[in-house]
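**Q** what's the 3D shape of this:
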Amino acid sequence: MRMVEEHLRGRDITDERVLEAMLQVPREEFVPLDQRLYAHDDRPLRIGYRQTISQPYIVAFMTQALALDPAARVLEVGTGSGYQTAVLAELVDTVHSIEIVPELATRSRERLTRLGYQNVQLREGDGYAGWPDAAPFDAIMVTAAPDHVPQPLIDQLALGGLMIIPVGDDRQMLTVLTRTADGVTRSEILPVLFVPMTGEAQR
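**A** Reported below is the predicted structural model:
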């Protein structure tokens, strides 16, 4: 597919498992009908409720950064359209995903079920609090930007686990946190622009 060859493999996406997952997930199924003409362009698209589906490169970049083991338990904060959820579900045993917008949570649950993803658990709620009764997680991906890293998410990261999260207001940095025996290390890796995290993050 042109999207994968040009926009992903043609740049710095080298993880073959991630590239294969991106090939397997039909992005056109996750965008509104009036946006389907642009489904394979490398750009974000509106999905309603002031939310977007991330551009394919960012989806692949964030997924690759987590270096996911097939046995990993993953938490996604911000289901949105469910596209990133599906990509994660192609790669790991279990994905827990949280969406704060009720309508998007309902649509994504129906869409992922229709497409046959049986290893996804989806919850409507505020992702700031994470999913404590399913923790710890080997990887956490956050797809909306708070102005700080929520402490509950750090607490739910397993030892050796990675979290990737956009942090900031007008200027955001994609940030990777690693849970070690000595605490948490943090590195900023890419300037990005995500929708803001709503709910508790804004209080």
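**Q** For residue 159, see how far away the residue of the chain most remote from its centre is.
**A** Residue distances from the centre of the chain (CA atoms, centre = their mean) peak at residue 182, which lies 26.6 Å from the mean C-alpha position. From residue 182 across to residue 159, the span is 11 Å (CB to CB, to the nearest Å). In this view, the C-beta of every residue, glycine as well, is placed from N, C-alpha and C.
**Q** returning to what we had before: please report the distance of the residue farthest from the centre of the chain from residue 94.
**A** Taking CB to CB, one finds residue 182 at 28 Å from residue 94.
**Q** in the sheet, who's paired with residue 137?
**A** Beta-bridge pairing of residue 137 under DSSP bridges involves residue 157.
**Q** Could I get the contacting residues of it?
**A** 73, 74, 75, 96, 131, 156, 157, 158, 161 (CB atoms under 8 Å, 6 or more residues apart in numbering).
**Q** 7 Å - rerun?
**A** For residue 137, the contact set (CB atoms under 7 Å, 6 or more residues apart in numbering) comprises 73, 74, 75, 156, 157, 158, 161.
**Q** just residue 70 next, same as before
**A** With CB under 7 Å, 6+ apart, residue 70 has these contacts: 91, 92, 93.
**Q** Return the helix or strand in the chain with minimum mean pLDDT.
**A** The weakest-scoring helix or strand in the chain, judged by mean pLDDT, DSSP states H and E, is helix 2 (a mean of 78).
**Q** Return a PyMOL selection command for the buried portion of the contacts of residue 137.
**A** In PyMOL, this line selects whichever of these come out buried by 16 or more other CB atoms under 10 Å:
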select buried, resi 73+74+75+156+157+161
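**Q** Throw the contacts of residue 137 into CSV and include distance to residue 118, thanks.
**A** Shown next, in CSV, are these (distance: CB to CB, whole Å):
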residue, distance to residue 118
73, 15
74, 15
75, 18
156, 23
157, 25
158, 23
161, 24
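**Q** So which of the contacts of residue 137 is the closest to residue 48?
**A** residue 75 (23.9 Å; CB to CB).
**Q** what's next to the helix or strand that closest one falls within, contact-wise?
**A** Using DSSP states H and E, residue 75 maps to strand 73-77. Residues outside strand 73-77 that contact it (CB under 7 Å, 6+ apart): 68, 84-85, 88, 92, 94-98, 127, 130-131, 137-144, 156.
**Q** quick one: which of those residues sit in strands?
**A** 94, 95, 96, 97, 98, 137, 138, 139, 140, 141, 142 (DSSP state E).
**Q** can you give me the helices in the chain?
**A** 2, 16-24, 56-65, 83-91, 102-114, 151-155 (DSSP state H).
**Q** among the ones you listed, which is nearest residue 171?
**A** The nearest among the helices of the chain, by CB to CB, is helix 56-65 at 16.2 Å.
**Q** That'll do, ta.
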